[in-house]
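> Following is a predicted model, sequence given first.
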There are 2 protein chains.
Amino acid sequence: MTRHETAFADLEAAFPGRIERGEAVRAQHGAGDSWHPAALPDAVFMARTTEEVAQAVKLCAAHGCPIVPFGAGSCIEGQVNATQGGLCIDLSQMAKLLRVSPEDMDCTVQTGLTRQALNEELRATGLFLPIDIGAHATLGGMASTRASGTMTVRHGTMADLVMGLTVVLPDGQIVRTGGRARKSSSGYDLTHLFIGAEGTLGIITELTLRLTGIPEASKAGLYSFPSIEAATQTVVEALQFGLCLNRIELMDALQVKAINAYNKTELPEQPTLLVDLAGSEQQVDTDRDTFDELASENGAELHPVATPEDYSKVWALRHSALYAARGLRPGCKSLSTDVCVPVSELPRILAETSADLDAEGIIAPMHGHVGDGNFHLVMLFDEEDAAEKARVQAAHGRLVERAIALGGTATGEHGVGLGKKSYLEAEHGAGLELMKVLKRAVDPANLMNPGKIFDL
Amino acid sequence: MTRHETAFADLEAAFPGRIERGEAVRAQHGAGDSWHPAALPDAVFMARTTEEVAQAVKLCAAHGCPIVPFGAGSCIEGQVNATQGGLCIDLSQMAKLLRVSPEDMDCTVQTGLTRQALNEELRATGLFLPIDIGAHATLGGMASTRASGTMTVRHGTMADLVMGLTVVLPDGQIVRTGGRARKSSSGYDLTHLFIGAEGTLGIITELTLRLTGIPEASKAGLYSFPSIEAATQTVVEALQFGLCLNRIELMDALQVKAINAYNKTELPEQPTLLVDLAGSEQQVDTDRDTFDELASENGAELHPVATPEDYSKVWALRHSALYAARGLRPGCKSLSTDVCVPVSELPRILAETSADLDAEGIIAPMHGHVGDGNFHLVMLFDEEDAAEKARVQAAHGRLVERAIALGGTATGEHGVGLGKKSYLEAEHGAGLELMKVLKRAVDPANLMNPGKIFDL
């Protein structure tokens, strides 16, 4: 028995046989892909339509029952953990591509569609959604955490590519924000209010997305540098030259070592840039020559990525980074974190962090979307070793404080969830109180994913 | 005597000799560049710092005195008109470039700096802010109306280029939103809350802006088409090809006629595209050849724009569009409006609107940023002729309704102000009520630019 039995009775009456209470289903919905302890919802509802979501929310609201939206469960900061129990609304069955307009290069999808599935469905149109993250995440979840990934340097984040949303508000009302026009000055920006709100202001059920054309040509390059500074200096120069960069990814020596061990490759275990250029054949060739020159001048060793097979192999290696990192200490937990700073501050924060981790004896390979100043650390620790865990958490705290002090942010793309709440005051100051003002106005009963981003 | 004398007495005590009450100064601050009747503030304060703005706002808040922020007064929808009197805070003296980082391609400015002045100051860095609007507007004002202009097809709007803000809230608190990181998932998006809010949620006093490199090469082309459909079809194809478009502007035959008369030029009086390509020399040449082919296949006549002088001349002609339009009926008023639709709907809305205007005998040349689906009509009328004015306003209403019905928006870049308020319910439905929820939460006394965007 939980204190929300009356809500569940009403929900069961409205959706007979569809309010799941079993341990196994609840356990599947109590945690994302993170080090945060699981917290199970009291019940799970697999919604099929926006109207069903609205009806379920209304019934929960009537009984003061917390609501946690759930997509693919790939979140990293505990965003789906039901720390206050209540109803988990699973949106993964709402996974249709509703419309696509090749002329306008946009589409509308249901929230539970994954980006991989969307891009499969779009293949015949020559268009795709240029967000490339490691996880098999749903598009609603990606909007809710303001996801971005490797192609942000060229195409922006979910915040730049979502044109409009359908959202179920905390009282069960359905709101449509934005639209299909490429731009608008018509009133407050409700779309961006919900992007990055991690489900605390409402549940996204549909998204209108801006697409882009598959480029005529793509070519990659792999470059080993004598130092992190030399690599990031090359990134700054490439950005200033306006090269047709599609992805520009940095890995430190430890991350390359982990990838070598995991994939049985023999890359030089040095700071490494993986670069992807995209555009016309001619432009890609010209710009890769320019990039090669910039990299050489900064002391890089160039590794040819000549064939389409090599290209695929290089990006597969990059996408193995997280699992490869975890493989460095099998059986260990990993605290995956990301911060983002102005690109020019990367050498400093990486040097300081590296010194800190070395001093603490913490194993934490680094990879990052350095064109945006965003990087990830996978901090490994033995969960049985309380002292080590505390040391890792303290070093993590210092990393975030360093990022904020350099004009950066506590998280570039993972979101706040449970894991970054304690840093928001340092980052936002009086802005944190303004966020709470907005939350109280939109969700006065604090039922929508309560306890995420901040506590009231 | 106004009902805010106690506020003005306190303001005068805080800022001796700086609270202007004279008719001339008030008249300079009572209207923008629009057909809306002027509405004078009761007093004007030229602020010099964020702290002064905060202090003035606190004093106004203590006495319930309305506050209207003022930049260059170039707004088109009556955003600065003080319809409820109160204090106008003029920000035009806060016009410093505070910092620029060439490595990170960003800068921080005070709110009253104009984009022209910013780009002058940036010249030595090789960077610029890629927002090209006709008006000499302040950057704070441009953020407040979510301005965009001719380069949006390539670089986005102010919503895409503002990285962070300093804002004085309605209670006088100072909040800093966003920051210098290229992206963030750290909590609610407060920056976009204020962009496009037209000063109704707070006063923007500083902006951190994303810059871009001045391109190696820019080339223009001028193309006369047999029809609007042929021109917009060319636009759709050019967008799908991913050509390095920097600007792509459409003018109808009447607009070209107006430009010929105003500038004593002899352009063919047909639907015309003005195109600007920017990138490397090679890319620009290749893409202009491709564009020439696409245009020819759609029946266009090509007019060479060969020299840098021709290039400047072509864009000067384009920027004369508004004054040229007004010149068609000297002494008349003009209702300048803009809407935005999905690009594929342009032929339909332009044909329907043209038929409507012809049937009503209304003179209204059209020019637009068609790469975004955004276009402007300058509807001319004799202010002494009440029947004609009513006919123009009714036709304007039908234009906006048509845009909304086609999935578009009531305004692409001018904002709502006083002129578009009546269309917001049709466009946003329940979203309009959500906007009011946000306004009431942030500005419970409704003192910040009251009566703009919507009435409470």
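Yes, it's here.
> Residues contacting the one helix or strand residue A:390 maps to, please?
In this structure, residue A:390 is located in helix A:386-405 according to DSSP states H and E. The contact list for helix A:386-405, computed with Cβ atoms under 8 Å, 6 or more residues apart in numbering or on different chains, reads A:333, A:335, A:337, A:339-341, A:349, A:352-353, A:356-357, A:360, A:362, A:364, A:377, A:379-383, A:409-410, A:420, A:422-423, A:426-427, B:181. In short, each C-beta sits where N, CA and C put it, glycine included.
> Go through that helix and flag the buried ones.
For helix A:386-405, a neighbour-count test (16 or more other Cβ atoms under 10 Å in any protein chain shown) marks A:388, A:389, A:391, A:392, A:395, A:396, A:399, A:400, A:402, A:403, A:404 as buried.
> Return the alpha-carbon coordinates of that helix using PDB.
C-alpha atoms of helix A:386-405 as PDB (Å, rounded to 0.1, in the frame of the first residue of the first chain):
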ATOM      1  CA  ALA A 386      33.300   4.200   0.800                       C
ATOM      2  CA  ALA A 387      36.500   6.200   1.100                       C
ATOM      3  CA  GLU A 388      37.200   5.900  -2.600                       C
ATOM      4  CA  LYS A 389      33.600   6.800  -3.500                       C
ATOM      5  CA  ALA A 390      33.800   9.900  -1.300                       C
ATOM      6  CA  ARG A 391      37.200  10.800  -2.900                       C
ATOM      7  CA  VAL A 392      35.600  10.500  -6.400                       C
ATOM      8  CA  GLN A 393      32.600  12.600  -5.400                       C
ATOM      9  CA  ALA A 394      34.800  15.300  -3.900                       C
ATOM     10  CA  ALA A 395      37.000  15.400  -7.100                       C
ATOM     11  CA  HIS A 396      33.900  15.600  -9.200                       C
ATOM     12  CA  GLY A 397      32.700  18.500  -7.100                       C
ATOM     13  CA  ARG A 398      36.000  20.300  -7.700                       C
ATOM     14  CA  LEU A 399      35.700  19.700 -11.400                       C
ATOM     15  CA  VAL A 400      32.300  21.300 -11.600                       C
ATOM     16  CA  GLU A 401      33.400  24.300  -9.400                       C
ATOM     17  CA  ARG A 402      36.400  24.800 -11.700                       C
ATOM     18  CA  ALA A 403      34.100  24.800 -14.800                       C
ATOM     19  CA  ILE A 404      31.700  27.400 -13.200                       C
ATOM     20  CA  ALA A 405      34.700  29.600 -12.100                       C
END
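> and the next element down the chain from that helix?
Using DSSP H and E, the helix or strand that follows helix A:386-405 in sequence is helix A:424-428.
> contacting residues around that following helix?
If you take Cβ under 8 Å, 6+ apart as the criterion, helix A:424-428 is touched by A:401, A:404, A:409-410, A:416, A:432, A:435, A:453-454, B:176-177, B:179, B:186-187, B:190.
> Stretch A:41-52 too?
Contacts with stretch A:41-52, where a contact means Cβ under 8 Å, 6+ apart, come from A:2, A:4, A:8, A:11, A:15, A:18-21, A:25-26, A:28-30, A:53, A:56, A:68, A:70, A:82, A:85-94, A:166, A:168, A:174, A:205-206.
> Residue A:218: what's it in contact with?
A:246, A:276, A:277, A:278, A:284, A:311.
> Just the buried subset of the contacts of helix A:424-428, please.
Buried subset of the contacts of helix A:424-428 (neighbour count, 16+ other Cβ under 10 Å): A:404, A:409-410, A:416, A:432, A:435, A:453-454, B:176-177, B:179, B:186-187, B:190.
> would you turn those into TSV with secondary structure and distance to residue B:325?
Formatted as TSV, those follow (DSSP: H, G, I helix; E, B strand; the rest coil; distance: Cβ to Cβ, whole Å):
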residue	secondary structure	distance to residue B:325
A:404	helix	50
A:409	strand	45
A:410	coil	50
A:416	coil	49
A:432	helix	48
A:435	helix	44
A:453	coil	48
A:454	coil	51
B:176	strand	41
B:177	strand	38
B:179	coil	41
B:186	coil	46
B:187	coil	45
B:190	helix	38
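> Which of those residues sits closest to residue A:268?
residue A:409 (31.8 Å; Cβ to Cβ).
> What residue, apart from its backbone neighbours, is nearest the closest one spatially?
Nearest non-adjacent residue to residue A:409, counting by Cβ to Cβ, 6 or more residues apart in numbering or on different chains: residue B:184, 3.8 Å away.
> part of a strand, is the one you found?
No - per DSSP: H, G, I helix; E, B strand; the rest coil, residue B:184 lies outside any strand segment and is coil.
> number of nearby residues for it?
Using other Cβ atoms under 10 Å in any protein chain shown, residue B:184 has 29 other residues around it.
> list the contacts for it?
With contacts defined as Cβ under 8 Å, 6+ apart, the neighbours of residue B:184 are A:146, A:340, A:409, A:410, A:411, A:412, B:178.
> Most neighbours among those residues, which one is it?
In terms of neighbour count, residue A:411 stands highest of the contacts of residue B:184 at 32 neighbours, by other Cβ under 10 Å.
> I figured that one was touching residue A:420, is that so?
Yes - contact criterion Cβ atoms under 8 Å: residue A:411 and residue A:420 qualify, at 5.3 Å.
> Touching both of those two, which residues are there?
Residues within reach of residue A:411 and of residue A:420 at once, by Cβ under 8 Å, 6+ apart, are A:77, B:186.
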